[in-house]
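Student: take a look and give me a structure for this.
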Amino acid sequence: MDTTKDTMSLNSSVNSALQDHSEDLNTVSTKNYVKELLKSRIFLGRYVERRLVDKYIGYRDIIVLSPAETELRRDLEDSLHKLRSLNRFRWIGITDTDKLNYSPAGICLWCEIDNQPFGPFWFQVKTVQYRNDEVIVKVKCVRHITDAFLEAEPILTGKVKVNAKASKVEQSTESLGEAVTAIKGTLATALSITNVKEFVTFLMALVIAIFTGSSAFITFLGNFTLALVRETSYLIKNSTPMFLGFLDFISKIIGGFYILLAMFFRPKPGPPTNRRRISYYDEPNHTNFDSRCID
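Tutor: Numbering: from 1, shown residues only. Just a heads-up that it's a prediction; the model follows:
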């Protein structure tokens, strides 16, 4: 009896060991298959954001695969399916864009990128790394996409661009329809009988108020003009003598100034005449005259 029990326990131990060994072989083969399938693949993607996975995994950088990369997308979906079948990892860094509410639908890679700006890049898969609770695709940024290449991007993703344009047209049509409906509702509410009656009443009151205010303003303007003319005449009448006196004062100042200048620049008088000498020359004549009279 004891021998039978020992044999059964030995068989169960061997079976469990064989099962564990087969499971390990399956896990290893799946890991190697995924790594060899994705390693060194170059693809076009867009680095969009950095997001927290959970408190155990931490932050990861999100790359959205270009819709033109159909072959790589198929391989990533196959790899994701095989890794999920193992039930050994809490987090696999390959998800759908639906998880992040991105459009159009595609594949996202949750990676680790160092010191690169957001935007489109050429990426290369370096390897697939298996951690304790996580599968992460290690990528390398090969080259940043320039604006010149972005102009050619619709050639690679033409279908997506057409769908995006179609969705924009549909959104514009819906917005236009909503705007027309809103305008119709507003007009229907505004053009009711009560609103029209109130509008006519308001318009009549406005006309009466404008007429009354205009007549009052004209009356005030006429009274103001008459008062202004009267006060201006009083001002001119009373300020005229003062103004004339001021002009006389100014004229006297200017006249005195000119007289002062004339006195400064007046020519000097000539030398005085010698009267004594004149009387001396006249004296012989007077003597001769007297002698003639005596003769």
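
Student: what about this structure, any weak spots by pLDDT?
Tutor: By pLDDT under 70, the weakly predicted segments of the chain are 1-23, 147-169, 268-295.

Student: go again using 50 as the cut-off
Tutor: Scanning the chain for pLDDT under 50 picks out 1-2, 5, 10, 13-21, 155-162, 278, 280-282, 286-287, 289-295.

Student: now do the strands in it.
Tutor: Secondary structure of the chain (DSSP state E): strands at 42-54, 58-65, 91-92, 94-96, 107-111, 119-130, 134-144.

Student: which one, of those strands, ends up nearest to Tyr258?
Tutor: strand 119-130 (90.6 Å; Cβ to Cβ). To be clear about C-beta, it is placed using only N, CA and C from the backbone, and glycine gets the same treatment.

Student: closest to the centroid, which residue in the chain?
Tutor: Nearest to the mean C-alpha position of the chain, counting by Cα atoms, centre = their mean, stands Phe118 at 21.0 Å.

Student: thinking again about what came up before, okay, the strands of the chain in CSV with distance to Thr212 and mean neighbour count next?
Tutor: As requested, the strands of the chain are exported to CSV (distance: least, Cβ to Cβ, whole Å; neighbours: other Cβ atoms under 10 Å):
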stretch, distance to Thr212, mean neighbour count
strand 42-54, 67, 16
strand 58-65, 71, 18
strand 91-92, 81, 16
strand 94-96, 74, 17
strand 107-111, 73, 23
strand 119-130, 68, 17
strand 134-144, 74, 18
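
Student: just give me the longest helix of the chain.
Tutor: Selection of the longest helix in the chain by residue count, based on DSSP state H, yields helix 193-264.

Student: surely the residue nearest to the centre of the chain meets Asp61?
Tutor: No: applying Cβ atoms under 8 Å as the test, Phe118 and Asp61 come out as separate, 9.5 Å apart.

Student: can you list residues touching both of the two?
Tutor: 47, 49 (Cβ atoms under 8 Å, 6 or more residues apart in numbering).

Student: report the separation between Leu100 and Ile57.
Tutor: 16 Å (Cβ to Cβ, to the nearest Å).

Student: between these two, which has more neighbouring residues?
Tutor: Ile57 (16 against 13; other Cβ atoms under 10 Å).

Student: which residues touch the closest residue to that one other than its chain neighbours?
Tutor: Residue nearest to Ile57 in three dimensions, not counting chain neighbours: Trp91, with 5.3 Å by Cβ to Cβ, 6 or more residues apart in numbering. Counting by Cβ under 8 Å, 6+ apart, Trp91 touches 53-54, 57, 110, 133-135.

Student: hmm, back to that, quick one: the residue nearest to the centre of the chain from Leu52, how far?
Tutor: 17 Å.

Student: that older thread, and the furthest pair within the contacts of Trp91?
Tutor: Among the contacts of Trp91, Asp54 and Val135 lie farthest apart (Cβ to Cβ), at 14.6 Å.

Student: look up phi and psi at Tyr102.
Tutor: phi -90, psi 150 (degrees, to the nearest 10).

Student: that one contacts Cys108, doesn't it?
Tutor: Yes: using Cβ under 8 Å, Tyr102 is in contact with Cys108, at 7.4 Å.

Student: residues shared between the contacts of those two?
Tutor: Residues touching both Tyr102 and Cys108 by Cβ under 8 Å, 6+ apart: Val64.

Student: put the alpha carbons of stretch 211-226 into PDB.
Tutor: Coordinates of each C-alpha in stretch 211-226 appear next as PDB, following Å, rounded to 0.1, in the frame of the first residue of the first chain:
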ATOM      1  CA  PHE A 211     -39.400 114.300 -30.600                       C
ATOM      2  CA  THR A 212     -40.000 115.700 -27.100                       C
ATOM      3  CA  GLY A 213     -36.300 115.700 -26.400                       C
ATOM      4  CA  SER A 214     -35.500 117.400 -29.700                       C
ATOM      5  CA  SER A 215     -38.000 120.200 -29.100                       C
ATOM      6  CA  ALA A 216     -36.600 120.700 -25.600                       C
ATOM      7  CA  PHE A 217     -33.100 120.700 -26.900                       C
ATOM      8  CA  ILE A 218     -33.900 123.300 -29.600                       C
ATOM      9  CA  THR A 219     -35.600 125.600 -27.100                       C
ATOM     10  CA  PHE A 220     -32.600 125.300 -24.800                       C
ATOM     11  CA  LEU A 221     -30.200 125.900 -27.600                       C
ATOM     12  CA  GLY A 222     -32.100 129.100 -28.700                       C
ATOM     13  CA  ASN A 223     -32.200 130.500 -25.200                       C
ATOM     14  CA  PHE A 224     -28.500 129.800 -24.800                       C
ATOM     15  CA  THR A 225     -27.600 131.400 -28.000                       C
ATOM     16  CA  LEU A 226     -29.600 134.600 -27.200                       C
END
